[in-house]
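[1] Sequence and predicted structure, then a few things I'm wondering about:
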Amino acid sequence: MSTRLVNLIVDAAEPRRLAAFWADLLGWPIALATPEEVRVRAPEDDGWDLGLRFVLTTAPRNGGNRVRLALTGPTPERMADRIARALRLGGRRDDPGRDDAAWEALADPEGNGFRVLAPGPLYNHCGAIAAILIDAADQDRLAAFWAEATGRVRARVPMAWPALRAASGTGPWLEFPPASAAGPGGNRLRLDVAPPTGGDHDLAAERLIGLGARRIGGGGDLPWHVLADPEGNEFRVLAPRPRS
């Protein structure tokens, strides 16, 4: 049973504050706000076709995220403007000692690292978010797993590391840069996948377990399964839903 990406979940100690930072930085509106969850929605012409949800957590941070975002900087001026805007909104520089023109490393108000990328043709058809980055110890293996989990295809253009793209050729890349020696902590950014209408999320979860995932929780009467990918990054398999 095939699945596709449907949500990016961001666990937050203060969902309203963190969602406001990202909404302002991306230029996207807030679509729903409750004390437990805030949803930010991309404009239709952006190409981002996932839910972006900030969900309340009381769990303490446990190391750094291995799932991060990379934002586009279509021109040097817009890259500089996006960096300056992030700092004005409460972000900070995340790696001041780094000297690399390919991107600027920043962190949001709750310490989630992200990148603002230098201009480049690989991201010309992306909206505000260029890529979802998943640090990988075995990059080819993890990319192969997520290709099966999302239905995305391996890049056919030169990339610094394995990367997947939707068949439409729009929206964010799913990229697998090399991981540090440390294993995953408690990722604050997590992905949801789901089968299409008429599918079965129980069977979809079992398929992914057969491909190298392991079960963490969920199932039974719950409309999702909580799994970990082959390198321990938690994600959910949700109940079926229509393709957008």
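    The structure has been received and is ready for your questions.
[2] In three-state terms, how would residue 207 be classified?
    Using DSSP: H, G, I helix; E, B strand; the rest coil, the structure places residue 207 in helix.
[3] Identify the residue nearest the geometric centre of this protein.
    Centroid-nearest residue in the chain: residue 132, 4.2 Å away (criterion: Cα atoms, centre = their mean).
[4] I'd assumed that one was in a helix, is it?
    No. Counting by three-state DSSP, residue 132 is not found in a helix; it is strand.
[5] so who does the nearest residue to residue 31 once chain neighbours are set aside touch?
    Using Cβ to Cβ, 6 or more residues apart in numbering and skipping the chain neighbours, the partner closest in space to residue 31 is residue 41 (4.0 Å). C-beta here means a position set from N, CA and C on the backbone, and glycine is covered the same way. The neighbourhood of residue 41, defined by Cβ atoms under 8 Å, 6 or more residues apart in numbering, consists of 28-31, 52.
[6] and if we set it to 7 Å?
    If you count contacts by Cβ atoms under 7 Å, 6 or more residues apart in numbering, residue 41 has them with 28-29, 31.
[7] Neighbour-wise, which one of these leads?
    Neighbour counts for those (other Cβ atoms under 10 Å) peak at residue 28, which has 20 neighbours.
[8] pretty sure it is touching residue 39, no?
    No. The criterion here is Cβ atoms under 7 Å, and residue 28 misses it with residue 39 at 10.2 Å.
[9] Output the longest strand belonging to the chain.
    Across the chain, the longest stretch assigned as strand under DSSP state E is strand 4-12.
[10] Quick check: what element follows that strand along the chain?
    Remark: after strand 4-12, the chain's next helix or strand is helix 15-26, criterion DSSP states H and E.
[11] so how far is the longest strand of the chain off the chain centroid?
    Here strand 4-12 is found 7 Å from its chain centre; the criterion is Cα atoms, centre = their mean, to the nearest Å.
[12] Quickly run through the sheet partners of it, with directions.
    strand 51-56 (parallel), strand 189-194 (antiparallel) (DSSP bridges).
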